[in-house]
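Asks: this one's structure only:
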């Protein structure tokens, strides 16, 4: 399921171009899944289910989150199809929705940590205004820490 583009910027032009290519990629991949023999019904269903979870890029989702979720779903479909083509046994079943959710939570947490570290550096160098202090407090609360040193 290779394509010439992958979303790296959140512009309306990038979204339109990506969504058009995405539709073509998913249609082709579903067609490939349909070519699996009847004995591979579970693989076909798992590959198609992963592809059915792929959504068009709406611009509301962060580009990094969208890319990560799409990459995981495409990877799941490719694993189902690729292991068959390579003559390997069927991959263990996993809850791909949970995998995507956990990855998005990890990315969100990393963004919070990075922002808190940035505020800590700014505070040490120049001090923070009241809005930045409030933001740092909210980040600390959400992360359950008083300082990013606790995260290392």
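Replies: Done, it's in. The model shown is predicted, which means the values in this text are computed figures rather than measured ones. Numbering: from 1, shown residues only.

Asks: the protein: helices as residue ranges?
Replies: 12-34, 41-52, 63-85, 96-125, 130-143 (DSSP state H).

Asks: could I get these in JSON lines, plus columns for distance to residue 150, mean pLDDT and mean neighbour count?
Replies: The C-beta positions use only the backbone N, C-alpha and C, and glycine is treated the same way. JSON lines is the format used below for the helices of the chain (distance: least, Cβ to Cβ, whole Å; pLDDT from 0 to 100; neighbours: other Cβ atoms under 10 Å):
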{"stretch": "helix 12-34", "distance to residue 150": "38", "mean pLDDT": "88", "mean neighbour count": "15"}
{"stretch": "helix 41-52", "distance to residue 150": "37", "mean pLDDT": "94", "mean neighbour count": "18"}
{"stretch": "helix 63-85", "distance to residue 150": "25", "mean pLDDT": "91", "mean neighbour count": "18"}
{"stretch": "helix 96-125", "distance to residue 150": "11", "mean pLDDT": "96", "mean neighbour count": "14"}
{"stretch": "helix 130-143", "distance to residue 150": "9", "mean pLDDT": "94", "mean neighbour count": "14"}
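
Asks: want to throw those into JSON lines with distance to residue 151?
Replies: Formatted as JSON lines, the helices of the chain follow (distance: least, Cβ to Cβ, whole Å):
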{"stretch": "helix 12-34", "distance to residue 151": "33"}
{"stretch": "helix 41-52", "distance to residue 151": "32"}
{"stretch": "helix 63-85", "distance to residue 151": "20"}
{"stretch": "helix 96-125", "distance to residue 151": "6"}
{"stretch": "helix 130-143", "distance to residue 151": "7"}
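
Asks: among those, which is nearest residue 149?
Replies: If you check each of the helices of the chain against residue 149 by Cβ to Cβ, helix 96-125 wins as the nearest, at 9.0 Å.
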